[in-house]
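# Fold the following for me, if possible:
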Amino acid sequence: MDDDDIVLLPRRARWVPIATVLAGSLVTLLPIVADWPLLPPVGLLMLLGWRLLRPEMWPSWIALPLGLFDDLFSGQPLGSAMALWTIVFVAFDMMDNRAVWRDYWMDWLTAAAAIIFCLAGGVGLVAFTTGGGYLLAIVPQTIITILLFPAAMRLCAALDRWRLR
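Coordinates of the predicted model:
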């Protein structure tokens with residue numbers, strides 16, 4: 001691809017995906033009180049939705065600053081989302097290089113694996129750093145997050161149509 005072939009996108013096309021992931025990470029600031037962690041990680045859902053919808057849009061390193069923003073507002077140890085999200089992005093890049101085709105069910109399966117990895121990895125890092133955290137406590141949150149992934153994907157698709165107009 002030459003420099004002449006590159007089309008500059010309007011600001012909306014560049015910033016809407018990033019803004020939706022950042023807004024999803026800010027959902028943790030809502031005053032929701034629960035005995036068990038039930039609130040899905042909306043920032044992660046939006047990140048996965050955009051990555052699986054438009055794999056060519058973001059390089060793997062974009063997960064670092066987005067993960068840092070999520071860590072600052074989620075209460076997780078600093079660097080946990082940065083590391084876990086980057087590992088997921090690198091794994092998705094490797095999967096894209098090897099996969100011949102992808103469909104809806106394959107995207108949902110890979111997103112489910114990424115969600116389980118990120119949530120379980122977050123609990124593992126909390127257990128390592130503070131000595132607390134139980135893996136069984138995140139089972140409802142994991143199930144809710146996996147079931148909400150198609151809705152996040154549809155939201156990303158609708159925002160994608162809007163941003164490219």
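# ok now stretch 143-161, how far from the chain's centre?
Counting by C-alpha atoms, centre = their mean, to the nearest Å, stretch 143-161 is centred 11 Å from the centre of its parent chain.
# contacts for that stretch?
With contact meaning C-beta atoms under 8 Å, 6 or more residues apart in numbering, stretch 143-161 is reached by 16-17, 20, 38, 40-42, 44-46, 48-50, 52-54, 107-108, 111-112, 115-116, 119. (Each C-beta comes from the backbone N, C-alpha and C, glycine too.)
# now with 6 Å?
Here stretch 143-161 makes contact (C-beta atoms under 6 Å, 6 or more residues apart in numbering) with 16, 40, 45, 49-50, 53, 111-112, 115.
# Spatially, which two of the residues you listed are the most separated?
Largest separation among the contacts of stretch 143-161 by C-beta to C-beta: Val16 and Ala112, giving 25.1 Å.
# want to throw the contacts of stretch 143-161 into JSON lines with distance to Ala81?
Below are the contacts of stretch 143-161 laid out as JSON lines (distance: C-beta to C-beta, whole Å):
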{"residue": "Val16", "distance to Ala81": "21"}
{"residue": "Pro40", "distance to Ala81": "14"}
{"residue": "Leu45", "distance to Ala81": "13"}
{"residue": "Gly49", "distance to Ala81": "16"}
{"residue": "Trp50", "distance to Ala81": "15"}
{"residue": "Leu53", "distance to Ala81": "20"}
{"residue": "Ala111", "distance to Ala81": "16"}
{"residue": "Ala112", "distance to Ala81": "18"}
{"residue": "Ile115", "distance to Ala81": "13"}
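# Now, those that are in strands?
Among these, no member falls in strands (DSSP state E).
# what's near enough to touch Lys45?
Let me fix one detail, which is that residue 45 is Leu and not Lys. Leu45 is in contact with Ala152, counting by C-beta under 6 Å, 6+ apart.
# Please report how far it lies from Val21.
9 Å (C-beta to C-beta, to the nearest Å).
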